[in-house]
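**Q** Give me the fold of what follows.
(chains A and B)
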Amino acid sequence: MRPSGLSAVGSLPWGTHFCQFYGDRNDLADSLVPYFKAGIDANEKCLWVTSAPLRAEDAKAALRQAVPDLDARIQRQQVEILDHDAWYTKTGRADAEATLRGWADREQQALSEGFAGLRLTGNTYWVERSDWQGFVDYESRVSATFAGRHIIGLCSYCLSRCQAQDVLDVVANHQFALTRREGAWHMLESASMATAKSELARLNEVLEQRVLERTLELQRAVQARDEFLSVASHELRTPITSIQLYVQGIARAQDAGSLSPEQAALRLRRVNDQCGRLDKLVNNLLDVSRSDGKEPTLRRESLDLAELVSRTADRFADELARARCRVSFDAPEPVLGSWDAMRIEQAVSNLLQNVIRYAPASNVAIEVMQDGPDARLAVRDDGPGVAPADHARVFERFAQAESPHFKGGFGLGLWIVKQVAEAHGGSVTLASEPGAGAAFVMRLPRG
Amino acid sequence: MGELAPAGASILIVDDDEGIREALGMALDDAGYCSGAAADGAEALAWLETHPAPRVILLDLQMPVMDGFEFRARQRAHPRLAAVPVIVFTAAAHGTAERVEALGSALVMKKPFDLDRMLSTIAEIVAT
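**A** The predicted model follows:
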């Protein structure tokens, strides 16, 4: 953007072609002196073609007030101030085509001389009424010629010499117009310009809104990641802590000579259990990173879901008892199908872990039954329940990490249940009310 | 090795993780202490109601039902139990440093922690 020097205009991009309507020679000096001073200060080559009522000598005198070293700049050809008749003497009377080519050549010359570009003004005072239509045709092509070039052009029109129709022609062929009213310059925009600007403003708002939303999303993602890392490190440290305690305890008892073979065997078994637990945690983590955009691969085999769930529930019997949960198991008949045993067991384990963590001291009912073409597994508790607003969220990845009440765990359990169910072409749903318990129901096509 | 625990000095372990409760309990038994265990703050308060005050409480912070912070607040408000020294252990990575500081515990240990260091701290407390 280039400074225009005019407070009513502000900055302008290269390629701008605008006009002004002036009343007298004072108006002309009032706008063109700051216009050229800004160009000179910004290292632009400046070309001022004048005509009555402000002749070249008057223009020089006015500009010199603002630019004290003007003569030196004229000397080294940064600034050129000419009467329009001298301009035509110099360039010859030219048709529109040649004039337009002339502007482009001058811009190239300015650039090759090390200037930032070309700033110019022409005064139309000399234009004969009989030439008007030809002149309007010329103006209509100027904007296209300036586009993409390092040129800014300001055309000056004497208001008293323009008829109403002329003003419309002029405004239509410039990007915008300046008028002198009540002692100050005002911008007069063409309708298409105003529309374009308001559209631009609207697009900017949309863009800003989008940037805001995206930034919020990213902040949430970063926060979820940080919280997840904190939860993950807690979860991984817990089995490491007990492994270390068992091992250091074994070493101390060994040193004291008080370690019986039974004690040694028991503690090593515990270390082994904790290693298995660590392994599961790490596998859950790997599930997450592997699953990005991919369904887990299944190793299907024929199995009895009722038997598998019963076996898994047995494995959790101690933990459920410690959580003071009373468990009932209902599976009236074998439920046969083709599923990935390891995955289904993982899902069932996660549902039970979820009860232990979120509904301790509750009555837990586990049911497995055939339901048309599906197998149906339900885990119900009469614990604190889940607010309706959180029903979808509990199946999201790292859902736990965002919960204000830390309950342990990665917040991956139910997400994994959902992944496993969906990989089998099934589903998992939650029915729950706060204070009225929760029921997780997994449906699996028997395949 | 070889701190001598006063016979019968009792220690209460409060941690939601069964493995940690058991491994610590075994190590304390080996060292000659008498240990009790609770899986959360509420269980710990119930245990304390029915037992003589222990010499030391080993307290985890993040637990379901009642966490270590709330347990500690209730313990400090309890005339019979307020003076029992507490050793806090936590696996939290960050964000709770000021709250942990405010617990006024004898020692804060980060999980995983060194058993020898914990036992020697317990021995010092019990000896005073």
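**Q** unless I'm mixing things up, A:C158 is touching A:Y22, no?
**A** Yes: in this structure, A:C158 sits in contact with A:Y22. The criterion is Cβ atoms under 8 Å, and the distance is 6.3 Å. Any C-beta I mention is one placed from the backbone N, CA and C, and that applies to glycine too.
**Q** So between the two, which is more surrounded?
**A** A side-by-side neighbour count of A:C158 and A:Y22, using other Cβ atoms under 10 Å in any protein chain shown, places A:Y22 first with 25 against 20.
**Q** need the contact list for that one.
**A** Contact criterion Cβ atoms under 8 Å, 6 or more residues apart in numbering or on different chains gives A:L28, A:S31, A:S156, A:Y157, A:C158, A:L159, A:R180 as the residues in contact with A:Y22.
**Q** With secondary structure and pLDDT as extra columns, can I get these in a markdown table?
**A** Written out in a markdown table, the entries for the contacts of A:Y22 read as follows (DSSP: H, G, I helix; E, B strand; the rest coil; pLDDT from 0 to 100):
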| residue | secondary structure | pLDDT |
| --- | --- | --- |
| A:L28 | helix | 87 |
| A:S31 | helix | 91 |
| A:S156 | strand | 89 |
| A:Y157 | strand | 88 |
| A:C158 | strand | 86 |
| A:L159 | helix | 83 |
| A:R180 | strand | 79 |
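**Q** Show me which of the residues you listed are buried.
**A** By neighbour count, with 16 or more other Cβ atoms under 10 Å in any protein chain shown, the contacts of A:Y22 hold A:L28, A:S31, A:S156, A:Y157, A:C158, A:R180 as buried.
**Q** Who is the third one paired with across the strands?
**A** It refers to A:S156. For A:S156, the beta-bridge partners under DSSP bridges are A:Q20, A:N123.
**Q** That one and chain B: what is the separation?
**A** When Cβ to the nearest Cβ, to the nearest Å is applied, the distance between A:S156 and chain B equals 68 Å.
**Q** Would you state the predicted confidence (pLDDT) at the closest residue to A:I356 other than its chain neighbours?
**A** If the residues on either side of it in the chain are set aside, A:I356 comes closest to A:A323, at 4.4 Å by Cβ to Cβ, 6 or more residues apart in numbering or on different chains. Note on A:A323: pLDDT of 84.
**Q** what's the answer for A:F406, then?
**A** In this prediction, A:F406 carries a pLDDT score of 46.
**Q** ditto for B:F113
**A** Reading off the per-residue confidence, B:F113 sits at a pLDDT of 86.
**Q** my guess is it contacts B:T90, does it?
**A** No: with the criterion set as Cβ under 8 Å, B:F113 and B:T90 do not qualify as a contacting pair; they are 9.7 Å apart.
**Q** can you pull out the helices in the stretch 301-447 of chain A?
**A** Assigned by DSSP state H, counting those that start in this stretch, the helices in the stretch 301-447 of chain A fall at A:305-315, A:317-322, A:341-358, A:413-423.
**Q** again but with chain B, I slipped
**A** With DSSP state H, the ranges of helices along chain B come out as B:18-30, B:41-50, B:68-76, B:97-101, B:115-127.
**Q** hey, least reliable of the ones you listed by pLDDT?
**A** By mean pLDDT, the lowest-scoring of those turns out to be helix B:97-101, with a mean of 79.
**Q** distance between that one and the chain's centre?
**A** Using Cα atoms, centre = their mean, to the nearest Å, the mean C-alpha position of helix B:97-101 is found 17 Å from that of the whole chain.
**Q** which other helices and strands contact that helix?
**A** Taking 3 or more Cβ pairs under 8 Å, 6 or more residues apart in numbering or on different chains; DSSP states H and E as the contact definition, helix B:97-101 has no neighbouring helices or strands.
**Q** Report the contact partners of the residue lying closest to B:E70 once chain neighbours are set aside.
**A** Once flanking residues are discounted, B:E70 sits nearest to B:G41: 5.6 Å by Cβ to Cβ, 6+ apart. Contacts for B:G41 (Cβ under 8 Å, 6+ apart) come out as B:V14, B:M63, B:V65, B:M66, B:D67, B:G68, B:E70, B:F71, B:R74.
**Q** Any idea how many residues pack against the fourth one?
**A** B:M66 has 17 neighbours, counted by other Cβ under 10 Å.
**Q** what's the answer for the fifth one, then?
**A** Per other Cβ under 10 Å, the neighbour tally for B:D67 reads 18.
**Q** From B:L61, how far off is it?
**A** When Cβ to Cβ, to the nearest Å is the yardstick, B:D67 and B:L61 sit 6 Å from each other.
**Q** could I get the helices of chain B as a markdown table with distance to A:L70?
**A** As requested, those are arranged in a markdown table below (distance: least, Cβ to Cβ, whole Å):
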| stretch | distance to A:L70 |
| --- | --- |
| helix B:18-30 | 87 |
| helix B:41-50 | 86 |
| helix B:68-76 | 78 |
| helix B:97-101 | 68 |
| helix B:115-127 | 84 |
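**Q** Could you say which of the ones you listed is packed most deeply?
**A** With neighbours defined by mean count of other Cβ atoms under 10 Å in any protein chain shown, none of the helices of chain B is more surrounded on average than helix B:18-30, at a mean of 21.
**Q** what angle separates it from helix B:115-127?
**A** With axes from the mean of the first three to the mean of the last three Cα atoms, to 10 degrees as the basis, helix B:18-30 and helix B:115-127 are set at 60 degrees to each other.
**Q** Contacts for helix B:18-30, please.
**A** In this structure, residues lying in contact with helix B:18-30 by Cβ under 8 Å, 6+ apart are A:238-239, A:241-243, A:245-246, A:248-249, A:252-253, A:256, A:258, A:263, A:267, A:270, A:273-274, A:277, A:319, A:322, B:11, B:13, B:15, B:34-35, B:37, B:39, B:58, B:60, B:115, B:119, B:122.
**Q** Now go through those residues and say which are in strands.
**A** Among the contacts of helix B:18-30, the members falling in strands (DSSP state E) are B:I11, B:I13, B:C34, B:S35, B:A37, B:L58, B:D60.
**Q** and the first one, how many residues sit next to it?
**A** B:I11 is surrounded by 24 other residues when neighbours are defined as other Cβ under 10 Å.
**Q** In this structure it contacts B:G32, no?
**A** No: assessed by Cβ under 8 Å, B:I11 is found out of contact with B:G32, at 10.7 Å.
**Q** circling back: relative to chain A, how far out is the residue nearest to B:E70?
**A** Between B:G41 and chain A the computed distance is 13 Å (Cβ to the nearest Cβ).
**Q** Closest to the centroid, which residue in chain A?
**A** A:R214 (3.9 Å; Cα atoms, centre = their mean).
**Q** In the stretch 51-200 of chain A, which residue sits closest to chain B?
**A** Ranked by Cβ to the nearest Cβ, the top residue of the stretch 51-200 of chain A for proximity to chain B is A:L200, at 44.7 Å.
**Q** hang on, that residue in a helix?
**A** Yes: A:L200 forms part of a helix when assessed by DSSP: H, G, I helix; E, B strand; the rest coil.
**Q** my read: A:L278 touches A:L236, true?
**A** Yes: contact between A:L278 and A:L236 holds when scored by Cβ under 8 Å: they sit 7.0 Å apart.
**Q** which among the ones in strands among the contacts of helix B:18-30 end up buried?
**A** B:I11, B:I13, B:S35, B:A37, B:L58, B:D60.
**Q** from what I can see the fourth one touches B:L12, true?
**A** Spelled out, it's B:A37. Yes: taking contacts as Cβ under 8 Å, B:A37 lies within contact range of B:L12: 7.4 Å.
**Q** What about A:R393, how many residues nearby?
**A** When counting by other Cβ under 10 Å, one arrives at 13 neighbours for A:R393.
**Q** Looks like A:A42 contacts A:F115 (just checking).
**A** No: using Cβ under 8 Å, A:A42 is not in contact with A:F115; the gap is 9.4 Å.
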